[in-house]
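# What shape does this take:
(one chain, ligands or ions: 1)
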Amino acid sequence: MPSTAEGATTGVAGPHHPPAAPGAVPGPDLDAPLDRLWHELRSGPEGLDERDAARRLQVQGPNALPARSRASWPRALARQVVHPLALLLWAASGLALLAGTPVLAAAIVVVVLLNAGLAFWQEQHAEHAVAALEAYLPARTRVLRGGVAREIPAVEVVTGDVVLLGEGAAVPADGRLVSGAVEIDMSALTGESVPVARRAGAHPPGPVLEAPDLVFRGTTCTVGSARAVVTGTGVHTEIGRIAALTGHVGHRESPLEVQVRRVAWLIAAVALGTGAAFLPIGLLAGLSFTAALVFAIGLLVANVPEGLLPTITLALAAGVRSLARHGAVIRRLSAVETLGSTTVICTDKTGTLTRNRMRPHALWTPARGRGDPDRDASAAPQAARVAQRCSDADLPNPARGTGSGDPTELALLVFAAAAGLDTRAATRLRDRRAVHPFDPVLTRMSTVDDTPDGLAVHTKGAVEAVLERCTALRRDGGVTELDAAGRAEVLTATADLAADGLRVLALAGRPAGPGDVGADRAAVESGLVLEALVGLVDPPRPSVRPAVARCHAAGIAVHVVTGDHPVTAEAVARAVGIGAHGLRVVGGAELAGLREGALDALLAAGDEIVFARVAPEQKLRIVEALGHLGEVVAVTGDGVNDAPALRRADIGVAMGASGTDVAREAATMVLTDDDFATIERAVAEGRRVYDDVRKFVLYIFAHAVPEVVPFLVFALSGGAVPLGLTVLQILAIDLGTETLPALALGREPAEPGVMSRPPRPRSEGVIRPRMLWRAWGLLGLTSAALTTGAFLVVLLRAGWTPGAPTGPGSALHPAYVEATTATFVGIVACQIGTAFAARTEHASLRSVGLGTNPLLWWGIGFEVLVTAAVVYLPVAQHLVGTAPLDAATVALLLCCAPLVWGVDELDRWRRRRHVRPISERRTR
Ligand SMILES: Nc1ncnc2c1ncn2[C@@H]1O[C@H](COP(=O)(O)OP(=O)(O)OP(=O)(O)O)[C@@H](O)[C@H]1O
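Below is the predicted model of the structure:
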């Protein structure tokens, strides 16, 4: 980790630069000497003042790229009309026309158009839901305005602004470095994955993207700190030009969608096969060719599941939106389904399990032992001075405890303030002569500062990391040599503080000489005198303990991966219930010594593990090992070095409030509140969405059986039993009555117990044998038996006997029309029963409550209205071939709904009695 403090401002003129890109809007001359560039941009090292910036924003417009160039809506709509399944229906319509049934042909066209309209609406809705997510995660950036550092939304950056770049920050606009040095990850722009060094000053000729002092929007700073003056914003940036050419990446199909697409095709093929098979069967049973063809077409149209896919996309999008409202912003639709099968969560500690609001709780000095930091701060003035000087945080108002910067440093400043020291950043920076920033691998930070007693080194960090650089400690009588006994004493005191869950930092220092200002880190951090240990308390978030318990009930293991002390980490883990069924603590050094096989064995042993003093790079190793064991891993991270682990995990979770831009970019999910409990909620939501998709697939599958059975009965009886359902009646079911309840099932609230069953195996398909049995066997056959029964009852009541003519003109024809209408109404009633049955997979309907999905009631209301219209409106009767039913028949048919639901309810009850209790399943 280089210690790149912002260096001297440069004003070096560079040789001539080639023009940026063909067609580029003329921008400032990037080759000009810096003072001319300032002049051209009407800016300076202090940045713009607020009013000027506001004016520029009005003139230049926001620093944003144009929204994704979506296909224009007529094109998107047209796509729905010509997708392969729709083409199949068009062909069916053409055939119907050829067969001389224009009404059927027209009805099929209506089916295609209505379905296209619905799919179009669903896709638009899904796209909007995802696009709206950006509002939950506004990118922010630090700029100098009138010499004062401020954080502003990245869209408000204007040319001439001076941007402050730091580790992990995204570069918000194109600019030229004016001071400092950084390493930049240019992969988004150039595809080059190795970060490149950029520093102010040098300016040889060459391609723009390779200029050593230019930085570009869309790239990220991985190391160092620098200031850059903005030369181009929005579309006038390199990435803006590229984006204008290529547009953004479109929606990638999730595994669930791929699976369902395959199933849809399979069903379409079966429908085609059934239709084709019906043609000869119909002819054999005595139908005319035209009639047989029409029925074949009807079967095909009834069973092509054209609406399945958009409904799933919409369900996923609705899941994404509801997650965003609950603090988890998902960056890929498909992540919703992966979330539901999460088996392991690797979480960090500070901020995720704890509140990240630290305050000093204990002070230990070699002279006085453990004491109170408030009371004893003034008795340890050197320690307080280390806390004051060796810091990047700003605490202008210690009484209120509010300021900006790292919570650990803010807490140490509170301790410094208790000793009466000035904790403002400005004062401190005036006296600072050199800084060696906090390095997560070394786990310490040092500064060299001017003090009233002369130049001094100040170091703070993890106790082991500081202690190894100390040669003495301060006792009452002065400085004494640090011998083995002294070290042991310090380590015992550390363990004592850490056992209380405190984050322990060591404070050390020494007088310095002028040589220390430019010296390397190892030289500066040597010969230190240990002043004190400070224990910081960071209480667990109250929401975490119940969330961990719910994870355990759901068969999810929670491991902690932290840079903190093992004892502290263990205390916090235990406080929130992690390791309730067995806890192992593994230090970073132990982890480094483990071979792959041993690590696999450790992770497979079933205990929850606290990995402490782990370097960010080791996180990747843990995630990889878990992946190797077949676990579905969610891992949290916030730093630049966490990015590889976030990318490798099934669900990379970044912290929206405290994380770096780099981590957010690498993550699949960003928590706007940084809370562990939100991860657990997201898993529950993922499970709900997946369950809901299965619910409406079940519902849609179930209606095929009662629609097909009348044809089978007709064919198998050799025509002795007339067709129980007409083709147009089938279309009326498909068209009017089915869609809305199916949509409503996609919004079903989570079933009770959704988090008390083990995670779904990754390989498990959305359509499982049990679901098919339930759809076709239980619900489908019950519905078919009831509706065919109703059909026969109406016919028999009119004096029909098998084989008696029922065609137009025959005496029995009016009764036959009435009987087919009874089948039609019966199927609708059965589907209402199926909708209620499909609401739960295991639980009873009573446990979810009848009124908890109001959308379903609306859908059913609509279904009933359409059915009534088809049965009682003369125009519809004429078109669809229905006859009004008397009240007694309707009442009888309505009983189908509770009967179908009741059969499924009984089956679920039977299954619940055989389900093993959770304790017998995978326990943690
Ligand atoms: N600003 C700092 N200056 C010096 N030392 C620090 C600073 N912040 C943290 N440390 C030390 O470095 C150790 C590791 O800190 P780091 O922030 O990398 O941990 P982490 O993995 O982010 O922890 P967590 O999992 O708790 O979030 C801490 O235990 C602490 O001793």
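# Which residue is the nearest non-sequential neighbour of A819?
V794 (4.0 Å; C-beta to C-beta, 6 or more residues apart in numbering). From N, CA and C alone the C-beta is placed, and that goes for glycine too.
# now L894
Per C-beta to C-beta, 6+ apart, closest to L894 is A829, 5.5 Å.
# What separation do you get for the one you found and V414?
69 Å (C-beta to C-beta, to the nearest Å).
# And those two? Which one has more around it.
A829 (27 against 23; other C-beta atoms under 10 Å).
# May I ask which helix or strand encompasses the residue in the chain positioned nearest to the ligand?
Distance from the ligand to each residue of the chain (C-beta to the nearest ligand atom) is smallest for G563, at 2.7 Å. Using DSSP states H and E, G563 maps to neither a helix nor a strand.
# now do L95
Assigned by DSSP H and E, L95 belongs to helix 84-98.
# Beyond that helix, next helix or strand please.
Next along from helix 84-98, by DSSP H and E: helix 102-131.
# Which strands or helices does that following helix pack on?
Applying 3 or more C-beta pairs under 8 Å, 6 or more residues apart in numbering; DSSP states H and E, one finds that helix 102-131 contacts helix 73-81, helix 84-98, helix 289-303, helix 308-325, helix 727-732.
# most packed of these?
Ranked by mean neighbour count, the helices and strands packed on helix 102-131 are led by helix 727-732 with a mean of 24 (mean count of other C-beta atoms under 10 Å).
# Next secondary structure after that helix?
helix 739-745.
# Give me the residues contacting that next one.
Helix 739-745 is contacted from outside by 118, 307, 311, 314, 692, 695-696, 699-700, 831-832, 835, 838-839, 853, 855-856, 858-860, 862-863, using C-beta atoms under 8 Å, 6 or more residues apart in numbering.
# what does the average pLDDT come to for it?
Mean pLDDT, computed over helix 739-745, is 82.
# buried residues in whatever helix or strand comes next after it?
For helix 739-745, the following helix or strand on the C-terminal side (DSSP H and E) is helix 769-772. Buried residues in helix 769-772, counted by 16 or more other C-beta atoms under 10 Å: M771.
# and after helix 769-772, which helix or strand comes next?
Beyond helix 769-772 on the C-terminal side, the first helix or strand identified by DSSP H and E is helix 781-797.
# Average pLDDT for that next one, rounded please.
The average pLDDT within helix 781-797 is 94.
# Likewise for stretch 585-600?
Computed over stretch 585-600, the mean pLDDT rounds to 92.
# okay if I get the helices and strands packed on helix 102-131 as JSON lines plus mean pLDDT and distance to L599?
Listed next are the helices and strands packed on helix 102-131 as JSON lines, based on pLDDT from 0 to 100; distance: least, C-beta to C-beta, whole Å:
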{"stretch": "helix 73-81", "mean pLDDT": "77", "distance to L599": "49"}
{"stretch": "helix 84-98", "mean pLDDT": "83", "distance to L599": "48"}
{"stretch": "helix 289-303", "mean pLDDT": "78", "distance to L599": "51"}
{"stretch": "helix 308-325", "mean pLDDT": "80", "distance to L599": "32"}
{"stretch": "helix 727-732", "mean pLDDT": "83", "distance to L599": "59"}
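# Please pick the buried ones from the contacts of helix 739-745.
Among those, those classed as buried by 16+ other C-beta under 10 Å are 118, 307, 311, 314, 692, 695-696, 699-700, 831-832, 835, 838-839, 853, 856, 859-860, 862-863.
# In helices only, show me these.
118, 311, 314, 692, 695-696, 699-700, 831-832, 835, 838, 856, 859-860, 862-863 (DSSP state H).
# Quick check: next helix or strand after the helix or strand of the chain with the lowest mean pLDDT?
Within the chain, no helix or strand scores below helix 238-246, which has a mean of 65 by mean pLDDT, DSSP states H and E. Using DSSP H and E, the helix or strand that directly follows helix 238-246 along the chain is helix 255-284.
# Tell me which other helices or strands that next one touches.
Using 3+ C-beta pairs under 8 Å, 6+ apart, helix 255-284 sits against helix 84-98, helix 289-303, helix 308-325, helix 676-702, helix 704-716.
# now the angle between helix 704-716 and that helix, please.
For helix 255-284 against helix 704-716, the angle by axes from the mean of the first three to the mean of the last three C-alpha atoms, to 10 degrees is 20 degrees.
# how far away is the nearest residue to I239 once chain neighbours are set aside from A226?
Closest residue to I239 apart from its sequence neighbours, by C-beta to C-beta, 6+ apart: G218 at 3.9 Å. To A226, G218 is 17 Å away according to C-beta to C-beta.
# Give me the more crowded residue out of these two.
Here G218 and A226 are set side by side on neighbour count (other C-beta under 10 Å), and the busier one is A226, at 25 against 21.
# What is the burial count for A554?
Neighbour tally, A554, other C-beta under 10 Å: 24.
# er, D31 I mean
17.
# So the residue nearest to R199 when sequence neighbours are not counted: helix, strand or coil?
Spatial nearest neighbour of R199, chain neighbours left out: A181 (3.6 Å); criterion: C-beta to C-beta, 6+ apart. Secondary structure, DSSP: H, G, I helix; E, B strand; the rest coil: A181 is strand.
# Could you report the pLDDT at A181?
According to the model, A181 scores 85 on pLDDT.
# beta partners for it?
Each beta-bridge partner of A181 is listed here, defined by DSSP bridges: R199, S225.
# And it, how far from P212?
10 Å.
# For those two, list the residues in contact with both.
Common neighbours of A181 and P212 are listed as A197, R198, R199 (criterion: C-beta under 8 Å, 6+ apart).
# How many neighbouring residues does the residue nearest to R199 have?
With other C-beta under 10 Å as criterion, A181 counts 21.
# In this structure it contacts A226, no?
Yes - here A181 reaches A226: they are 6.0 Å apart, a contact under C-beta atoms under 8 Å.
# Spell out the secondary structure type for V155.
Under three-state DSSP, V155 comes out as helix.
# Give me the neighbour count for it.
17.
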